[in-house]
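Colleague: Got a predicted structure plus its sequence, pasted below:
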Amino acid sequence: MALKPDVILATPTPAIQVLQQETRTIPIVFVQASDPIGSGLVASLARPGGNITGFLLYEDSITGKWLGMLKEIAPHLMRAVLVGHPKNPNLHAYFLRKAKAIAPSLGIEVLAGAVENAGDIERFIESFARVPNGGLVFPPDSIIEEHRDLVIALAARNRLPAVYVWHHFVTAGGLMSYGTDVLHQYREAASYVDRILRGANPADLPVEAPTKYETVLNLKTAKALGFDVPPTLLVRADEVIE
């Protein structure tokens, strides 16, 4: 703030909230915020109303895609858990709420898995795996990102189907992912920064929803876990790792 910039590009939600506390005048363009209204960043998506605008990471309906992918690859799935840090507001107030609304139509019970460190992650997944027909969902969460390799290893060790939010989890050995093309979002954010530098008011620039998603499958992991990837899922994949 002491540098008095003309505009700030910020991510993720906690960082944006800190910046909001420090300034109500310097324009802020965000990327990768899941629930900007619920987080108090903007008044509405159409008219943000303050000094902040930007690009949604996901709409909450994405949880339906994650659950649907689990059900496709594991038809006998009966339980799915969304795993993340207990202080991650998006996990509980945003994704979990929508997941529980969608789950009955898929014949799935949805649970929340609260983890704060590597030990928690290992204990929770090992315990969850003791009951059959379960699957793992990993929404965006810094603790999961930090322990990516552990999460992937535990899913493999316990032969659990898992869907991740980020492409790089699958390239590292995870089963499958569905999420926003983040590079595309940053390119779009650059256009908002440019418009603000040319005089646009962030209050008048609508918060944009994602327009480009990607599905990634790891067939090697699917084979190792004993899952047959259905053609309907395979044909939708933007990238298939063999």
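Modeller: Nice, thanks for sending it over. What you are looking at is a predicted structure, and each value in this text was computed from that prediction instead of being measured. Residues are numbered from 1 along each chain as shown.
Colleague: mind checking the longest helix of this protein?
Modeller: In the chain, assigned by DSSP state H, the helix with the most residues is helix 182-197.
Colleague: For it, which outside residues touch it?
Modeller: 6-7, 9, 27, 29-32, 53-55, 57, 200, 202, 205, 208, 210-212 (Cβ atoms under 8 Å, 6 or more residues apart in numbering). Where you see a C-beta, it was placed from the backbone N, CA and C, and this is true even at glycine.
Colleague: Any of those buried? List them.
Modeller: 7, 9, 27, 29-32, 53-55, 57, 202, 205, 208, 210 (16 or more other Cβ atoms under 10 Å).
Colleague: For residue 138, state which of these is nearest.
Modeller: Residue 138 lies nearest to residue 57 out of the buried ones among the contacts of helix 182-197, by Cβ to Cβ, at 14.0 Å.
Colleague: Check whether that closest one really touches residue 141, as I assumed.
Modeller: No - look at residue 57 against residue 141 with Cβ atoms under 8 Å: they stay out of range, at 11.7 Å.
Colleague: Any figure for the gap between residue 9 and residue 1?
Modeller: As defined by Cβ to Cβ, to the nearest Å, residue 9 lies at a distance of 15 Å from residue 1.
Colleague: What residues sit buried inside stretch 165-176?
Modeller: 165-167, 169-170, 172-176.
Colleague: For the closest residue to residue 121 other than its chain neighbours, give me phi and psi.
Modeller: Distances taken as Cβ to Cβ, 6 or more residues apart in numbering place residue 115 nearest to residue 121, at 4.7 Å, with adjacent residues excluded. Backbone dihedrals for residue 115, given as degrees, to the nearest 10, come out at phi -140, psi 140.
Colleague: Could I get the full set of helices for this structure?
Modeller: Under DSSP H, the chain gives helices at 13-22, 62-73, 89, 97-106, 118-128, 142-146, 148-157, 167-171, 182-197, 219-225, 231-234.
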